[in-house]
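# Kindly generate the corresponding structure for this input.
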Amino acid sequence: MEKLTTVEGRAYPFGMKNVDTDIVIPAHWLKTISRSGLGRGAFEVLRKEPGNVFDDPRYAGSPILIAGDNFGCGSSREHAAWALDDLGIRVVIAPSFSDIFSGNAFKNGILTVVLPQDAVDRLLEVAKTDEIHVDLEAQTVTTQFQDRFSFEIDPFRKHCLLGGLDEIGLTLGDADVIDRYEAVQAQERPWLAPAAVA
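So this is what the prediction gives:
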């Protein structure tokens, strides 16, 4: 997983409330187990509408999405996080998130930032013309207009995102402990060791 420390750039001024995972990535895209290419299907239904924010060249490649309340509700499909990641989104800012979506986003290196509605409204306005800066270490979202919004994050999630640690990375961080344990087990319980292949 790629480390996430700061993210700066344009943001999609989306703002829609109650966006479920079927809107983020429609069900017919779920036939794959590959994460690659899902960005093409992200917000597919909304992208059929002329003038949608996701196909506006001013926001192309934006690493930040500003959404409305209850973002990611609906099913537990991890493909929603995969689609956002493939679209290049590293941070989603909203007044609230579905717990399952927030967990899936975290496990895929996407930071979900919860801010009050008035802060989100302000960022929606700024995003139309200027960049937004998210600093995970300082736990702040700032703009060039001196806006500064602090956010809370679980310390474990912060540690993992800053270090680029997914479950495999966390496990590999304990490789020495695992090796010592296995060496002791091989001495004390040799019958548990896998048989050598001739």
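
# Compute the number of surrounding residues for residue 55.
14 (other CB atoms under 10 Å). Glycine gets a C-beta too; all of them are placed from N, C-alpha and C.

# ok, now the one 10 residues further on?
One way to gauge burial is a neighbour count; for residue 65, by other CB under 10 Å, it gives 30.

# just use 546 as the starting number from now, easier for me
Got it, the first residue is 546 from now on, which makes the last one we talked about residue 610.

# For my notes, confirm it occurs in a helix.
No: counting by DSSP: H, G, I helix; E, B strand; the rest coil, residue 610 falls outside a helix, being strand.

# wait, what's in contact with it?
For residue 610, the contact set (CB atoms under 8 Å, 6 or more residues apart in numbering) comprises 556, 557, 559, 629, 634, 636, 637, 638.

# same thing but 7 Å
556, 557, 559, 634, 637 (CB atoms under 7 Å, 6 or more residues apart in numbering).

# swap in residue 554?
Contacts of residue 554 by CB under 7 Å, 6+ apart are 607, 608, 609, 676.

# most neighbours, which of those?
Counting by other CB under 10 Å, top hit in the contacts of residue 554: residue 609 with 27 neighbours.

# so how far is residue 605 from the closest residue to that one other than its chain neighbours?
Nearest residue to residue 609, sequence neighbours excluded (CB to CB, 6 or more residues apart in numbering): residue 556, at 3.6 Å. Residue 556 sits 12 Å away from residue 605 when distances are taken as CB to CB, to the nearest Å.

# And those two? Which one has more around it.
A direct count of neighbours by other CB under 10 Å for residue 556 and residue 605 places residue 556 higher, at 28 against 11.

# how about the more buried one, what does it touch?
607, 609, 610, 611, 672, 677.

# ok, now with 8 Å
Residue 556 touches 604, 607, 608, 609, 610, 611, 638, 668, 672, 676, 677, counting by CB under 8 Å, 6+ apart.

# and the fifth one, what pLDDT?
Okay, so that is residue 610. Note for residue 610: predicted pLDDT of 98.

# Who is it paired with across the strands?
Beta-bridge partners for residue 610, by DSSP bridges, are residue 557, residue 637.

# Tell me how far it lies from residue 658.
In this view, residue 610 and residue 658 are 10 Å apart by CB to CB.

# mind listing the strands for the protein?
For the chain, applying DSSP state E gives strands covering 551-554, 556-558, 609-611, 636-639, 656-659, 677-680, 685-688, 693-695.

# winner for burial among the ones you listed?
strand 609-611 (a mean of 28; mean count of other CB atoms under 10 Å).

# just how off-centre is the longest helix seen in the chain within its chain?
Ranked by residue count and defined by DSSP state H, the top helix of the chain is helix 720-733. On the basis of CA atoms, centre = their mean, to the nearest Å, helix 720-733 sits 35 Å off its chain's mean C-alpha point.

# how far away is the residue nearest the centre of the chain from residue 719?
Centre of the chain computed as the mean C-alpha position; nearest residue by CA atoms, centre = their mean is residue 655, 1.7 Å away. Per CB to CB, residue 655 is found 25 Å from residue 719.
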